[in-house]
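**Q** what would the 3D arrangement of this be:
(2 chains)
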Amino acid sequence: MQDNTSADEGRAYWQATIRLTIGLLVIWFAVSFGAGILLRDFLDQWAVGGAPLGFWFAQQGSIYVFVVLIFVYCWAMRRIEKKHGVRG
Amino acid sequence: MLDPWTLFFVVTTFALYIGIAIWARAGSTDDFYVAGHDVHPTVNGMATAADWMSAASFLSMAGLIAFMGYGGSVYLMGWTGGYVLLALLLAPFLREFGKFTVPDFVGDRYYSTTARVIAVVCALFVSFTYIAGQMKGVGVAFSGFLGVPFEWGIIIGMVIVFFYAVLGGMKGVTYTQVAQYCVLIFAFTVPAIFMSLIITGNPVPQLGFIGEAKGEGISMLAKLNTVVTDLGFLEYTETNKSMIDVFCITAALMFGTAGLPHVIIRFFTVKSADAARVSAGWALIFIAILYTTAPAVGAFARINFIDTVNEATYIADDEDYDGRSAEIEAEGGKPVPQWYKDWEPTGLVAFEDKNGDGVMQYRGPNAPDGLENEVSPNNDIFVLANPQIANLPGWVIGLVVAGGLAAALSTAAGLLMVISSAVSHDLCRRTLFKSMDDKTELRVARGAAAGAVFAAGLLGIFSNSLGFVAQVVAFAFGLAAASLFPVIFLGIFWKRMNKEGAIASMLTGLITTFGYIYWFKFVDTDPAHWLFGVSPEGIGFVFMWLAAGVGVITTLATKPPPREILELVEKIRVPGS
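**A** You can find the predicted model right below:
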């Protein structure tokens, strides 16, 4: 960190990264531990095709959401990097 | 049962792996440890998927789910959700750090040789427990299909891995893993598509899973629930594990996955932090193809197994199978299927005629008709016998064998890289002989890889007499979650974390988790005594918090890390700074 502007940019970049990470981890927790385990009995009153919803999240849905989460993270990090002038 | 197709697929794929090894020889330690840092993110994603999916994922997981129903979800969520943690919390930062190994990061970030050596111990322990299972899988595949004795099967596997791991290092391993991924995913999905067509009429297993049972007007899962409860099993969509145990096992597998050294080092091979993120996404896509198919295969296999085996009339080995089965059919009965007889000699399926009626009763613990269970299938039988159960052509079976071997060998190679780099780089170059030059280090790395292949082979050969190999996989995930994950995570996200805290944290995680698993696996196996009702498989998650807590408290009680470490953390956090 030679000058203050780049140090400030670095700090802002890091805070934006942390906010994004927490947001995505909330979803990560919600679809797996939430929908697939803790709330599964409640969600099972609905269904995806022939599978109870909570069961489906535990064996299929959570995995699809995980994949989407990582790619959303890549996309959002590129935006954050661009905004703060950080090389990816 | 030496089948020409099996021989054909095994020989062709092995020749391919050796060819790649010769093409991708490593010329420097950069090549050897991290494939020169320039693997394309998608290619690395595919290699990571093969690295990650072991003999257990390929052979055992679908079968486990078939038996456990909803309880099998812990593996599905646990072994995929870890990639979200890896992508968001570890991989891009460790790549930005830009060194070779996990102990490298721990040693540099915590400015301590002691911390580095403890991390080496954790990495070696995790990797050796894991590799023994892979070598055993190779031995089983060879002895079951190619009529080669178990030990010779392992030796053939060792020679192949020796070629590309010792010659090519990470570079050779990366490109063979790509080939192995293609083989294993093809071998897994082809039988799954056919089974889905037979049972649900839908060619996509993921859709068949939530679709209707063909021609019955009810959903496949509802039918399965009725079928299994009629036989006295728990409903397929239920589990007898407590919610807290399901929660903890899933979490331990997730954090363990993120902390496994052989997975982490794959992300050192790409160009940048951004490439590491993208690469984790690709890895999970490639993994998800197998992991979303596996629950469908599990459910289909359970239906198929009950359909074909339950209430079938047994035909003994000394009877003429064809004649006798025609007779049974003429009497309106159901003969024991041919695939069952084929697999009986392997011991993966067994029948004991308890009531002496000559008919195979498959029953759960609470059978409404009060009959005793007489059939005991092994988890692995479902994936192995699926092609035959579904009447698929003979070449599909050969393909499945080649797929199982690809899964086992690719994971073994990834683990070998961790073991050899921990020895040659972290112990020799960075701890014992600091003046070692690059050429010597490369020679030592090759020697260490060769030694590790040999040790892994011995472990595999003796794993048969040491019956605990299957049990110790719990060690690998629990230890990775409790010992390695907290120090890596805190090292990135908490600047204040210091050397004393890291050492205390790793030791706490290592000792408590090891002690708990050892105690409840080998000394006192009564689940009633488990801490908070958490099984040894899930305890890593509980002790991970303890380890992190001890690390934080110790850090706060001792002096902060030096200035250059704070700058190092800044640098890791912000790419290109």
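**Q** what does stretch B:342-351 contact?
**A** By Cβ atoms under 8 Å, 6 or more residues apart in numbering or on different chains, the surrounding residues in contact with stretch B:342-351 are B:1, B:144, B:314, B:317, B:336, B:340, B:360, B:374-378, B:380-381, B:384-385, B:388. Bear in mind the C-beta positions are built from the backbone N, C-alpha and C, glycine included.
**Q** quick one: the nearest residue to residue B:454 once chain neighbours are set aside from residue A:62, how far?
**A** Across the structure, with Cβ to Cβ, 6 or more residues apart in numbering or on different chains as the measure, the residue nearest residue B:454 apart from its sequence neighbours is residue B:158 (7.3 Å). When distance is defined by Cβ to Cβ, to the nearest Å, residue B:158 is 38 Å away from residue A:62.
**Q** higher neighbour count, those two?
**A** Comparing residue B:158 with residue A:62 by other Cβ atoms under 10 Å in any protein chain shown, the one with more neighbours is residue A:62, at 26 against 22.
**Q** so the more buried one sits right up against residue A:32, yeah?
**A** Yes: the pair residue A:62 and residue A:32 qualifies as a contact (Cβ atoms under 8 Å) at a distance of 4.4 Å.
**Q** who touches both of the two?
**A** Shared contacts of residue A:62 and residue A:32, defined by Cβ under 8 Å, 6+ apart, comprise B:77, B:81.
**Q** mind checking pLDDT for residue 60?
**A** Let's take chain A. Each residue has a pLDDT score; the one for residue A:60 is 97.
**Q** let's do chain B instead
**A** On the pLDDT scale, residue B:60 is placed at 83.
**Q** how about it, nearest residue that isn't a chain neighbour?
**A** residue B:379 (4.9 Å).
**Q** and what of residue B:71?
**A** Nearest non-adjacent residue to residue B:71, counting by Cβ to Cβ, 6+ apart: residue B:239, 3.6 Å away.
**Q** go on, residue B:447?
**A** Here the nearest residue to residue B:447 in space, its sequence neighbours aside, is residue B:424; by Cβ to Cβ, 6+ apart that works out to 7.5 Å.
**Q** what residues are up against residue 48?
**A** Answering for chain A, as no chain was given. Contacts for residue A:48 were tallied using Cβ under 8 Å, 6+ apart; they are A:56, A:60, A:61, B:210.
**Q** should've been chain B
**A** By Cβ under 8 Å, 6+ apart, the contact set of residue B:48 is B:177, B:263, B:266, B:267, B:279, B:280, B:282, B:283, B:286.
**Q** now residue B:265
**A** Contact criterion Cβ under 8 Å, 6+ apart gives B:33, B:34, B:100, B:101, B:102, B:170, B:414, B:417, B:418, B:421 as the residues in contact with residue B:265.
**Q** do you know how far the residue most central in space within chain A is from residue B:541?
**A** Using Cα atoms, centre = their mean, the residue of chain A that lies closest to the mean C-alpha position is residue A:24, 2.1 Å off. Relative to residue B:541, residue A:24 is positioned 20 Å away (criterion: Cβ to Cβ).
**Q** same deal with residue B:457?
**A** Looking at residue B:457 against residue B:541, where the rule is Cβ to Cβ, the gap reads 33 Å.
**Q** can you check residue B:429 too?
**A** Counting by Cβ to Cβ, the gap between residue B:429 and residue B:541 amounts to 34 Å.
**Q** alright, calling it a day.
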